[in-house]
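In: Below are the sequence and a predicted model; questions follow.
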Amino acid sequence: MTVVETSVRSDLAEAYELALGHVAAPGAFFTADRRVRIAEAAIAAYLDAEPGPPWVRPYGDLPLDVAHRLGRHAATITAEWYEQVVTEGLHPLEWVEIVGVVVAALPPVAFARAAGLPLPDLPAPRSGAPHGREAAELAPARLNFVPVAAPADETAAVVQALSALPDEWDNLWRMAGAQYMSDRQMDDPLWNRGTLSRPQMELVAARLATLRDCVF
Amino acid sequence: MLSWSSHEDGTPADLTAVSEGSGDAGLPFGAELRAFAEAIAGWDDAALEQARAALVAATDERFMLDAAAVAANFEMMTRVADGTGSLLR
């Protein structure tokens, strides 16, 4: 691996440190120990040199199998599979928390892999019970198959996606602001950090999303 | 977003770079950025190292790190979208 002699932007390093700490803290429904296991399953799937097919459930454990599929085969997840997993016993908000954990844990690993830096370790899980924090009012959404904070469908689907669990939502958008740009900056088609121009940023984003078969 | 921002930037992008993975999209360092994104999306570590080195050679390390951060963001956002069944309006 090429050794990159550099320092990562401080706001990005801080966002990653907070995200990994967030993974290793008690969540709304899962203990920190369980959240770290969920993150490990997603990271292992993401880095697997020879992944199995999408429908394989290697863990026989609903949260870990959802994390595994999201880590490596996200584009194959369907509303039907979500409904099946919920029918098998996973609560819809547990599903939302799993998504929140996976998207907190994977970006620091993806960034390090892309940049040729050492992959980060997950922190040791903190003690404590799940805190149960969720949006004051939930609503079914037309734009997502998961429940969201009420009122539903008044913002873009990805914006409301994790809104049922405010801690996961906060972490997601803090990371987006450091890796890409904030909502406010997104409105300016010429905003940039002095490195990539906005079109150059969008080229990376669009080509990666296309190769991930993400139609959103 | 690419179409909009590149039009506003005065250099309308060639979207076949996104859809077909060819060319430079009409952007400075577009070929290197496209190759870097493709290598990140793949699982060949040697190809990734080569694409990273080519991008650093064409630009600089800060540029490559910010490109890596954008890629990481879309490893995140694609999973948010796919994992929650996000639909366009």
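Out: Now that the structure is in, tell me what you want to look at.
In: Could you list which residues are in contact with residue 25?
Out: All of this is about chain A. A:Ala32, A:Arg35, A:Arg126, A:Gly128 (Cβ atoms under 8 Å, 6 or more residues apart in numbering or on different chains). Bear in mind the C-beta positions are built from the backbone N, C-alpha and C, glycine included.
In: my question was about chain B
Out: A:Pro199, A:Leu203, B:Leu2, B:Ser6, B:Ala13, B:Asp14, B:Leu15, B:Thr16, B:Ala17, B:Val18, B:Arg34.
In: With A:Thr195 instead?
Out: The contact partners of A:Thr195, taken as Cβ under 8 Å, 6+ apart, are B:Thr59, B:Arg62, B:Phe63, B:Leu65, B:Asp66, B:Ala67.
In: re the thing from before, let me know the closest of the contacts of A:Ala25 to chain B.
Out: Nearest to chain B among those is A:Arg35, at 15.4 Å by Cβ to the nearest Cβ.
In: Now residue 43. Nearest residue, chain neighbours left out?
Out: Using chain A here. A:Val109 (5.4 Å; Cβ to Cβ, 6 or more residues apart in numbering or on different chains).
In: Not quite, go with chain B.
Out: Nearest non-adjacent residue to B:Trp43, counting by Cβ to Cβ, 6+ apart: A:Ala49, 6.5 Å away.
In: With A:Ala205 instead?
Out: B:Phe74 (4.8 Å).
In: Could you grab the helix/strand/coil label for that neighbour?
Out: Put simply, B:Phe74 is helix when judged by DSSP: H, G, I helix; E, B strand; the rest coil.
In: Next, residue 13: secondary structure please.
Out: With no chain named, the answer covers chain A. Relying on three-state DSSP, one would call A:Ala13 helix.
In: ah, I was thinking of chain B
Out: At B:Ala13 the chain is in coil, as set by three-state DSSP.
In: who touches the nearest residue to it once chain neighbours are set aside in this structure?
Out: In space, and not counting its chain neighbours, B:Ala13 is closest to B:Ser6: 3.8 Å by Cβ to Cβ, 6+ apart. If a contact means Cβ under 8 Å, 6+ apart, then B:Ser6 has A:Pro199, A:Glu202, B:Pro12, B:Ala13, B:Ala25, B:Gly26, B:Leu27 as its contacts.
In: Of those residues, which is the most crowded?
Out: Neighbour counts for these, by other Cβ atoms under 10 Å in any protein chain shown, peak at A:Pro199, which reaches 29 neighbours.
In: That one is in contact with B:Ser3, isn't it?
Out: No: in this structure, A:Pro199 is not within contact of B:Ser3 by Cβ atoms under 8 Å, at 9.1 Å.
In: Quick check: the residue nearest the centre of chain B vs chain A, distance?
Out: With distances taken as Cα atoms, centre = their mean, B:Ala37 lies nearest the centre of chain B, 4.3 Å away. Separation of B:Ala37 from chain A (Cβ to the nearest Cβ, to the nearest Å): 4 Å.
In: That residue should be in a helix, yeah?
Out: Yes: using three-state DSSP, the assignment for B:Ala37 is a helix.
In: what are the phi and psi angles of the closest residue to it other than its chain neighbours?
Out: Distances taken as Cβ to Cβ, 6+ apart place A:Arg207 nearest to B:Ala37, at 4.2 Å, with adjacent residues excluded. Per-residue torsions, A:Arg207: phi -70, psi -40 (degrees, to the nearest 10).
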